[in-house]
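Asks: here are the coordinates; sequence isn't available:
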Ligand code: ADP
């Protein structure tokens, strides 16, 4: 079921690297309150699309509007301030800092360092929430480098949450996770989507089936299936064909 108005609206997006068309004519919408999966074989252009949304790559053509604000042409840090945050494939946490310190730092993007330092009880509300929902409350004083692989991924998601974004882009959030960890990550993603939009780049089809509201399929830089339900994607013969042999 469609959740609300599009928070993210991408039109006519194209990018070339040298003469190579990495993305062509991409139209894409994601609404508030939804978990939107972006799938497609290796080289389909998924990472490139996320890089464009977050300002890492400049498109050759097209527009990316987020909550009415045009993102194309803005630098990465501006886009974070507009309320767009992402995680990377390999968890990027400060290993020498504690879990709590990592989250405090992430929250300082939103609060500003001065206000963060004036917080009476140590942690900002967003940090307390992040500790709670990631299940890391008992690890708050542990160094991030000592966390298990899955916990590091959750810490990175927690850091994203502490920044206060309305659009969260997660790049392969369950890579290398056990079945139990996948389930917990899926539940965390469902939580994140309340009042926000979560865009998930993921190869794991079973995970998509369990946790996606909407699915968009990219293939060779073009949209193969836009804004579909899981059932529609599973019944689509073209999508099946693209995934044969995987
Ligand atoms: P996916 O994330 O779906 O696996 P990518 O977005 O990483 O796909 O890549 C899409 C295509 O664009 C690939 O063929 C890749 O080699 C190419 N590509 C991505 N970034 C660059 C770049 N900076 N320069 C040249 N080619 C690139």
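Replies: Structure received. Everything numeric in this text was worked out from a predicted model, so none of it was measured.

Asks: quick one, phi psi at the closest residue in space to residue 94 that isn't next to it in sequence?
Replies: Computed as CB to CB, 6 or more residues apart in numbering, the closest residue to residue 94 that is not its neighbour in sequence is residue 102, at 5.4 Å. (Each C-beta comes from the backbone N, C-alpha and C, glycine too.) Here is the backbone geometry of residue 102 (degrees, to the nearest 10): phi -60, psi -40.

Asks: if I look at residue 102, how far off is the ligand?
Replies: Shown here: residue 102 relative to the ligand, a distance of 26 Å by CB to the nearest ligand atom, to the nearest Å.

Asks: use 7 as the first number for this chain going forward.
Replies: Sure thing, new numbering starts at 7, so read that last one as residue 108.

Asks: give the contact list for that residue.
Replies: By CB atoms under 8 Å, 6 or more residues apart in numbering, residue 108 lies in contact with 99, 100, 150, 161, 165.

Asks: residue 133: which of those is nearest?
Replies: Closest approach to residue 133 among the contacts of residue 108 (CB to CB): residue 165, at 9.4 Å.

Asks: my guess is that closest one meets residue 136, correct?
Replies: Yes. Taking contacts as CB atoms under 8 Å, residue 165 lies within contact range of residue 136: 7.3 Å.

Asks: next SSE after the helix or strand bottoming out on mean pLDDT in the chain?
Replies: When the helices and strands of the chain are compared on mean pLDDT, DSSP states H and E, helix 119-124 comes out lowest with a mean of 69. Moving toward the C-terminus from helix 119-124, the next helix or strand (DSSP states H and E) is helix 131-140.

Asks: helix or strand right after that following helix?
Replies: From helix 131-140, the next helix or strand downstream (DSSP H and E) is helix 155-168.

Asks: how far away from the center of its chain is the host helix or strand of residue 193?
Replies: In the assignment (DSSP H and E), residue 193 maps to helix 185-198. Its chain's C-alpha centre and that of helix 185-198 lie 13 Å apart, by CA atoms, centre = their mean, to the nearest Å.

Asks: tilt between that helix and helix 155-168?
Replies: If you take axes from the mean of the first three to the mean of the last three CA atoms, to 10 degrees, helix 185-198 sits at 10 degrees to helix 155-168.

Asks: strands paired with the helix or strand that helix 185-198 is followed by, and their directions?
Replies: Per DSSP H and E, helix 185-198 leads on to strand 203-207 as the next helix or strand towards the C-terminus. Sheet partners assigned to strand 203-207 using DSSP bridges are listed as strand 41-45 (parallel), strand 173-177 (parallel).

Asks: ok so, going back, what is the orientation angle of the helix holding residue 193 with helix 131-140?
Replies: Using the same axes, to 10 degrees: helix 185-198 against helix 131-140 is 140 degrees.

Asks: elements contacting helix 185-198?
Replies: Taking 3 or more CB pairs under 8 Å, 6 or more residues apart in numbering; DSSP states H and E as contact, the helices and strands that helix 185-198 lies on are helix 131-140, helix 155-168, strand 203-207, helix 211-217.

Asks: mean confidence score for the last one?
Replies: Think helix 211-217. Computed over helix 211-217, the mean pLDDT rounds to 93.

Asks: for that helix, the distance to its chain's centre please.
Replies: In this view, helix 211-217 has its centroid 16 Å away from the chain centroid, taken as CA atoms, centre = their mean.

Asks: that one packs against which elements?
Replies: Here helix 211-217 is seen to pack against strand 41-45, helix 185-198, helix 236-241 when contacts are counted using 3+ CB pairs under 8 Å, 6+ apart.

Asks: on the three-state scheme, residue 61 is what?
Replies: Secondary structure for residue 61, judged by DSSP: H, G, I helix; E, B strand; the rest coil, is coil.
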